[in-house]
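>>> What follows is a predicted structure for the sequence shown.
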Amino acid sequence: MPGTDDVGVVPDAAALGVAVLAQIVEGTADGIFLCDAERRWVYVNPAACRMLDRSAPELIGHDYVEVVPLRKRAAARQYYSALLEGSTEMLTRMLIGVGGEEREMVFAPFRVDVDGRPHGAALFRDFTETRAAARAAAALAQSAAELVGEKSTSEMLASTARHIVEGTCAVWAGLAVVAESGTFSSGGAFGPDGGESFLTSEAYRAVQTAPAERYLDAMTGGTMQVGQAPNRAITLTRGTWEQDPILSTYGRVVLEHDWEFAVNIPLVYDNRVTGALMVLLPTGTTALSDAELVFSTALADHAAVAVANDRLSGEAARSAELRERSRVARELHDSVSQALFAMTMHARTAQLALARAEPDTSEPLVRSLEQLTRLSRGTLAEMRALIFELRPEALTEEGLVRALTTQAAAISAREPVRISVAGPTARLPVDADVEAELYRMVSELLRHRVKHASPTTVAVSLRVADDELEVTVVDDGTTTTTIVVPLQASSRDGAPP
Amino acid sequence: MLVVDPDARVLTALWAAVSNEPDLELLGAVPDATTALASDAEATRVVALVDVSGAGGTDLDLVHLLSRRDGWRVVAMSVSSGLRAVSEAAGATAFVVKGEDVETVLSAIRTAASS
């Protein structure tokens, strides 16, 4: 046994002796194995057995591709042939643990000759957790960045699906969000053929027409309801999907993939279910690992936030658009009102000038000017009533009595009816909302009576009595309609209740 | 009488209307405050008809400045009646809405002239 006394002599492994070498090989935390030319396990060290989750007797004599996922076996066979020819390329290989879950192993392979026959050997380590954590972190960061990106909702959901497929064992992932209308408003998926959004894919358009509540209900065995607090993720079998009429009809695209089990995770925003994420597991796999489930749930939450953001900014944009339209309408109103004011003045000036200059002038000209004056005054009255539709604050500024007087003038300008409005000059003791509602009601009542009863006169009166406001509308002294509004104590006295 | 209004249509119409009134003499019809402040008159009583609809409150400053001149009175006018209170607080003797009868506007001017 060489020792440190022998200066200049470097011992080789053989000199250590079988016993020492065996201790090293059996004791290392790295997996070490040896396979023959037909890929059959010849030797596996204890660490390899732990990582492969099988005992040595269960492995020895079997083809090593049996622990490789089905879809990777062709590549594994090719790789082994290259190894036997001397390739030492390090690589990452997925192997299947006994529970069906896939583990990510990194191999440092090399060829060994045993009794003159080529064998394949390798040192390997399980990098599943390390790699998964790194990938998860990267994917979550990217997903978070995408939340403020410019993609459409469906594109964002397809991107989330891609992160999930790339970061877990899933063969396909799909997300869908439910709209208020009860159908899926947007969705995205990623699978072996790449990513698809509901908007661009024919196949997924069918899902878009599905009754969402019923669909989610069937998908999750009744545990997922839109708008309710979320439940845990739930696993579904292919059989259930095939047998449910709603799922097999609208979700037939899902059946085109190769899967036995699927995991359904709710998309949650503000502690309410807004949609679902479905992850299809490869045949032979029955569940996501805990880490994969946590990762997928985090991405599902990102997606839910992205969708909520999208909806909120859509509402903000629509609100901004409405305000802009309102502003344009008000400007137009003001400009037209100015023009009408000028027109009434010109018409009156012309009338006076005509009367002064040529008192015996022809009837047609006088009549025309009279018409012009009347028309422009009438139009101006109508414009004045319009302001209450364009500017809600105007009603508060003018008060109900003056506003109704304006409305009466506008109707009288169009129709052959005289409408009088009588009421207190002081501000009425009602809230702004009540005043607006009363204005709307009385205006509508006036228009209705004028249109259907064609009265020649209408009298509107407002009266405050005890703790009530009474609005009475009488046409031609015959038909009476009364609206009674109770007054709040606070409005009446001005003091808080 | 001085008329101040940024809308050329209103200015022209008011000019024509006032020209027709024998008891009112039009000093000028101007579009903005700067031009308005530059004008002056020898008359004992000047009524300024000022449009206060514009944004920024500069018109109210004009109302305030003109109302402090000796012998001057200001009648404020606007498309809506929301500015009545602030106009009167700024020194306007009266407030007219541009939708009201022309007679009402002229009557307000006459009342201000004799006050």
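Here it is on my side, so go on.

>>> For residue A:190, grab phi and psi.
phi -140, psi 130 (degrees, to the nearest 10).

>>> what's the spacing between it and chain B?
Using Cβ to the nearest Cβ, to the nearest Å, residue A:190 is found at 53 Å from chain B. C-beta here means a position set from N, CA and C on the backbone, and glycine is covered the same way.

>>> next one: residue A:185
Residue A:185 is 41 Å from chain B, by Cβ to the nearest Cβ.

>>> Over to residue A:111?
Relative to chain B, and taking Cβ to the nearest Cβ, residue A:111 is found at 86 Å.

>>> residue contacts, residue 43?
Reading this off chain A. A:32-34, A:60 (Cβ atoms under 8 Å, 6 or more residues apart in numbering or on different chains).

>>> actually it's chain B I care about, not the one you picked
Contacts of residue B:43 (Cβ under 8 Å, 6+ apart): B:25, B:27, B:71.

>>> quick one: residue A:87 is in a helix?
No - counting by DSSP: H, G, I helix; E, B strand; the rest coil, residue A:87 is not found in a helix; it is coil.

>>> Now, the contacts of residue A:43 that are in strands?
A:32-34 (DSSP state E).

>>> ok, and the most crowded of the residues you listed?
Highest neighbour count within the ones in strands among the contacts of residue A:43: residue A:33, with 24 neighbours (other Cβ atoms under 10 Å in any protein chain shown).

>>> That residue against residue A:121, yeah?
Yes - contact status for residue A:33 versus residue A:121: in contact at 6.8 Å, counting by Cβ atoms under 8 Å.

>>> where does the chain dip in pLDDT?
The chain I'm using is chain A. Within chain A, the set of residues satisfying pLDDT under 70 comprises A:1-8, A:98, A:148-150, A:197-203, A:358-362, A:488-497.

>>> actually chain B
Using pLDDT under 70, chain B drops low at B:55-57.

>>> Once you drop chain neighbours, what's closest to the residue nearest the centre of chain A?
Nearest residue to the geometric centre of chain A (Cα atoms, centre = their mean): residue A:307, 2.3 Å. In this structure, residue A:307 finds its nearest non-sequential neighbour in residue A:177, 4.8 Å apart by Cβ to Cβ, 6 or more residues apart in numbering or on different chains.

>>> in what helix or strand does the one you found lie?
Assigned by DSSP states H and E, residue A:177 belongs to strand A:172-178.

>>> And for residue A:67, the neighbour number?
21.

>>> Residues of chain A that sit close to chain B?
Contact residues (Cβ under 8 Å from any Cβ of the partner chain) of chain A with chain B: A:334-335, A:337-346, A:348-349, A:352-353, A:377, A:380-381, A:383-384, A:387, A:391, A:393-394, A:397-398, A:402.

>>> before we move on, back to that, reformat the ones in strands among the contacts of residue A:43 as CSV; add distance to residue A:147.
Output for the ones in strands among the contacts of residue A:43, formatted as CSV (distance: Cβ to Cβ, whole Å):
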residue, distance to residue A:147
A:32, 46
A:33, 45
A:34, 50
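
>>> any idea which of these is closest to residue A:469?
Nearest to residue A:469 among the ones in strands among the contacts of residue A:43: residue A:33, at 92.7 Å, using Cβ to Cβ.

>>> nearest residue to that closest one other than its sequence neighbours?
Nearest residue to residue A:33 in three dimensions, chain neighbours excluded: residue A:44, at 4.6 Å (Cβ to Cβ, 6+ apart).

>>> among the residues of chain A next to chain B, which are in helices?
A:334-335, A:337-346, A:348-349, A:352-353, A:377, A:380-381, A:383-384, A:387, A:393-394, A:397-398, A:402 (DSSP state H).

>>> Residue A:274 versus residue A:212, what's the distance?
For residue A:212, the distance to residue A:274 equals 10 Å [Cβ to Cβ, to the nearest Å].

>>> what is in contact with these two at once?
Common neighbours of residue A:212 and residue A:274 (Cβ under 8 Å, 6+ apart) are A:178, A:226.

>>> which stretches of the stretch 51-200 of chain A form helices?
Ranges of helices within the stretch 51-200 of chain A are A:56-59, A:73-84, A:128-147, A:153-167, based on DSSP state H, counting those that start in this stretch.

>>> Only alpha carbons, please: show the third one as PDB.
Right, the one you point to is helix A:128-147. Only the C-alpha atoms of helix A:128-147 are listed here, as PDB (Å, rounded to 0.1, in the frame of the first residue of the first chain):
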ATOM      1  CA  THR A 128     -34.100  18.600 -10.200                       C
ATOM      2  CA  GLU A 129     -34.700  20.900  -7.200                       C
ATOM      3  CA  THR A 130     -31.800  23.300  -8.000                       C
ATOM      4  CA  ARG A 131     -32.700  23.700 -11.600                       C
ATOM      5  CA  ALA A 132     -36.400  23.800 -11.000                       C
ATOM      6  CA  ALA A 133     -35.900  26.600  -8.400                       C
ATOM      7  CA  ALA A 134     -33.700  28.600 -10.800                       C
ATOM      8  CA  ARG A 135     -36.100  28.200 -13.700                       C
ATOM      9  CA  ALA A 136     -39.100  29.000 -11.500                       C
ATOM     10  CA  ALA A 137     -37.400  32.200 -10.300                       C
ATOM     11  CA  ALA A 138     -36.500  33.200 -13.800                       C
ATOM     12  CA  ALA A 139     -40.000  32.400 -15.100                       C
ATOM     13  CA  LEU A 140     -41.700  34.200 -12.300                       C
ATOM     14  CA  ALA A 141     -39.600  37.300 -12.800                       C
ATOM     15  CA  GLN A 142     -40.300  37.200 -16.500                       C
ATOM     16  CA  SER A 143     -44.000  36.700 -15.900                       C
ATOM     17  CA  ALA A 144     -44.100  39.600 -13.500                       C
ATOM     18  CA  ALA A 145     -42.400  41.800 -16.000                       C
ATOM     19  CA  GLU A 146     -44.900  40.800 -18.600                       C
ATOM     20  CA  LEU A 147     -47.700  42.000 -16.400                       C
END
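
>>> Check what contacts it and list those residues.
With contacts defined as Cβ under 8 Å, 6+ apart, helix A:128-147 is touched by A:103-105, A:156, A:159-160, A:163, A:166-167, A:289, A:291-292, A:295, A:298-299, A:302-303, A:305-306, A:309.

>>> now these: which count as buried?
A:103-105, A:156, A:159-160, A:163, A:167, A:289, A:292, A:295, A:298-299, A:302-303, A:305-306 (16 or more other Cβ atoms under 10 Å in any protein chain shown).

>>> For residue A:377, see how far away the residue lying closest to residue A:350 once chain neighbours are set aside is.
Excluding the flanking residues, the one nearest residue A:350 by Cβ to Cβ, 6+ apart is residue A:369, at 5.5 Å. Look at residue A:369 and residue A:377: by Cβ to Cβ, they are 12 Å apart.

>>> and if you look at residue A:112?
Using Cβ to Cβ, residue A:112 is found at 109 Å from residue A:377.

>>> Those two - which one has more neighbours?
Neighbours per residue (other Cβ under 10 Å) separate residue A:112 from residue A:377, with residue A:377 holding more: 22 against 15.

>>> Surely the more buried one and residue A:414 touch.
No - between residue A:377 and residue A:414 there is no contact under Cβ under 8 Å: 12.0 Å.

>>> helix/strand/coil for residue A:420?
Assignment for residue A:420 (three-state DSSP): strand.

>>> Report the buried residues of stretch B:85-97.
Buried, per 16+ other Cβ under 10 Å, within stretch B:85-97: B:87, B:90-97.

>>> I would like the residues contacting it, please.
Under Cβ under 8 Å, 6+ apart, the answer for stretch B:85-97 is A:384, B:50, B:52, B:60-61, B:63-64, B:66-68, B:73-81, B:83-84, B:104-105, B:108, B:111-112, B:115.
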